[in-house]
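Trainee: based on what follows, work out the 3D shape:
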Amino acid sequence: MKFFGGADEVGRSCIEVLDGRHSLLMDYGVKIGAQEEYPTIKKVPKNIVITHAHLDHAAYLPHLFRKERKTNVYMTKPTRDLIQLMIADYMKVSRNNFDNGKVLENLMRNCRIVDYGAVVDAGVKFSLHNSGHILGSASVLVHNPKGNLLYTSDFSTRSSRIMDSVEMGLSARTAIVESTYGGKDSILPSSKEIGKQLVKIVNSTLKKNGRLLIPSFAVGRGQELVLMLDSYMRGGLIEPAPIYIDGMIKKALHIFRHDVIYAKKELQHSILVSDVDPFKSRYVFVPQSRDRKDAIEEGSIIITTSGMLKGGPVLTYLKELAGERRNTLMFVGYQAPGTPGRKIVDGERSITIHGQEIKLKMKVETLHMSAHADHNGIVQYLNNVKGLEKVFIVHGEENKRKELGESLSDRYEVILPKTGEEYKI
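Mentor: All right, here's what the predicted structure looks like:
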């Protein structure tokens, strides 16, 4: 097993598993931070499994499929549907010179749809299991008579309005586990507490006729927010207000609705049996004017990409709204080191937009929503893996990996790999 990225960092996840003469590459991502970084792998893989559609796990695919390849790319159906959207957007804003149509055609031709629980024999045998992260996300279980290998990828031990929690109780001798929120102090609030905080922030802003600007990831977080806000407005906890969605959030919302059979049963029942379809909320709108002036009306909520303020429509809104104290900027997701979002979360109150320094007088809030497991959730999940002996901790900042390792070391052999390192298991 070799780590080509994502071992001692969050981003560019890429792990190769070798079984005799056969190999399986798990994820093929790009590190989106202050500087874009790619997996260190040089050879062209024959078999890749993509755990979910986020760029840090999938965005290196267009670099591979510049040319026609006979590379099998395994994933669930929702991941296949979402990845077209994510990759198309990535290529559009990338500094690389892609032939976008050709790349997508080459990629889609090589996609292989895998259902949860089905065993695939690609030389290396594996199966995919719901990871509870976003729609279609999966953990990978590599089957071997000497002991299975479990790659959690990004996972959540809590259900959301869209997703059931991660599948528990799998059997594996070795696990590769993410540690995004693995630090001992990384204890996320309950869903109930997150809801209370959201209602409080929204009502406080709307009471002043302010605008609430929410930078969000296009896939997963944006859809969860739409469903939460729709529910609270229908239930009277929040006064009805226009919710504007911008960037890829609307297109991803349509895909989520189309693939709702992969969502939790309660949501399917709501759509198919009752008259309530939160994906078609009467409170949700898309900006119509080119300069987005219609969305910047008093008393509005704006959910837009990009989640870390690195680009996208959020910068247009931020430039307009930053100077008013009645407005609120609310972060709802992980902010990578070096990104503008991380700097603001850490206390900076200015941002450079299109060469102009913008002072932030608006209120800044952080709502600790996450589709990742926290410290306690990770420990709980691993303690439910049958026959587990060895744990590789990846996909986290160094201090969080070490703290998680300390909590696990009395029960398992713990390894903190670095990118480029190779191990026999």
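Trainee: where does Gly341 sit: helix, strand or coil?
Mentor: Following DSSP: H, G, I helix; E, B strand; the rest coil, the label given to Gly341 is helix.
Trainee: quick check: the gap between it and Ile415.
Mentor: Relative to Ile415, Gly341 is positioned 31 Å away (CB to CB, to the nearest Å). C-beta: built from backbone N, CA, C; applies to glycine.
Trainee: tell me which of the two has more neighbours.
Mentor: When Gly341 is set against Ile415 and neighbours are counted by other CB atoms under 10 Å, the residue ahead is Gly341, at 22 against 17.
Trainee: how close does the more buried one get to Gly396?
Mentor: Distance, Gly341 to Gly396, by CB to CB: 18 Å.
Trainee: need the residues that contact the lowest-mean-pLDDT helix or strand in the chain.
Mentor: Averaged element by element with mean pLDDT, DSSP states H and E, the chain has its least confident helix or strand at helix 265-272 (a mean of 88). Under the criterion CB atoms under 8 Å, 6 or more residues apart in numbering, residues Arg161, Ile162, Asp164, Arg257, Val260, Ile261, Val276, Asp277, Pro278, Phe279 lie in contact with helix 265-272.
Trainee: whatever helix or strand comes next after it pairs with which strands, parallel or anti?
Mentor: Moving toward the C-terminus from helix 265-272, the next helix or strand (DSSP states H and E) is strand 284-285. Taking DSSP bridges as the criterion, strand 284-285 sits next to strand 243-246 (parallel) in its sheet.
Trainee: give me the distance from the strand it pairs with to the chain's centre.
Mentor: Counting by CA atoms, centre = their mean, to the nearest Å, strand 243-246 is centred 19 Å from the centre of its parent chain.
Trainee: then that strand to PDB, C-alphas only?
Mentor: Backbone C-alpha positions of strand 243-246 (Å, rounded to 0.1, in the frame of the first residue of the first chain) are rendered in PDB as follows:
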ATOM      1  CA  ILE A 243     -33.300  32.100   0.000                       C
ATOM      2  CA  TYR A 244     -31.100  32.700  -3.000                       C
ATOM      3  CA  ILE A 245     -28.800  29.800  -4.100                       C
ATOM      4  CA  ASP A 246     -26.000  30.600  -6.500                       C
END
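Trainee: which stretches in the stretch 51-200 of the chain count as strands?
Mentor: Read by DSSP state E, counting those that start in this stretch, the stretch 51-200 of the chain holds these strands, from start to end of the chain: 72-75, 111-113, 119-122, 124-130, 138-143, 149-151, 174-178.
Trainee: quick one: the helices in the stretch 51-200 of the chain?
Mentor: Ranges of helices within the stretch 51-200 of the chain are 55-58, 61-64, 77-93, 100-110, 191-207, based on DSSP state H, counting those that start in this stretch.
Trainee: looking at those, which is closest to Lys43?
Mentor: Taking CB to CB, helix 61-64 is the member of these nearest to Lys43, at 10.9 Å.
Trainee: touching the closest one from outside, list them.
Mentor: Counting by CB under 8 Å, 6+ apart, the neighbours of helix 61-64 from elsewhere in the structure are 28, 38, 44-45, 48, 50, 71, 73, 83, 87, 90-91, 94, 96, 98, 103, 107.
Trainee: hang on, the earlier thing: distance to Gln288, mean neighbour count and mean pLDDT added to the strands of the stretch 51-200 of the chain, as JSON lines?
Mentor: Conversion of the strands of the stretch 51-200 of the chain to JSON lines gives the following (distance: least, CB to CB, whole Å; neighbours: other CB atoms under 10 Å; pLDDT from 0 to 100):
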{"stretch": "strand 72-75", "distance to Gln288": "34", "mean neighbour count": "22", "mean pLDDT": "98"}
{"stretch": "strand 111-113", "distance to Gln288": "34", "mean neighbour count": "15", "mean pLDDT": "98"}
{"stretch": "strand 119-122", "distance to Gln288": "45", "mean neighbour count": "14", "mean pLDDT": "98"}
{"stretch": "strand 124-130", "distance to Gln288": "37", "mean neighbour count": "21", "mean pLDDT": "98"}
{"stretch": "strand 138-143", "distance to Gln288": "37", "mean neighbour count": "24", "mean pLDDT": "98"}
{"stretch": "strand 149-151", "distance to Gln288": "44", "mean neighbour count": "25", "mean pLDDT": "98"}
{"stretch": "strand 174-178", "distance to Gln288": "40", "mean neighbour count": "26", "mean pLDDT": "98"}
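Trainee: of all the ones you listed, which one is nearest Tyr283?
Mentor: Relative to Tyr283, the nearest member of those by CB to CB is strand 124-130, separated by 29.6 Å.
Trainee: that closest one pairs with which strands?
Mentor: Strand 124-130 has its sheet partners listed here by DSSP bridges as strand 119-122 (antiparallel), strand 138-143 (antiparallel).
Trainee: the longest one versus helix 77-93: what angle between them?
Mentor: Same thing as strand 138-143. Computed by axes from the mean of the first three to the mean of the last three CA atoms, to 10 degrees, the angle separating strand 138-143 from helix 77-93 equals 120 degrees.
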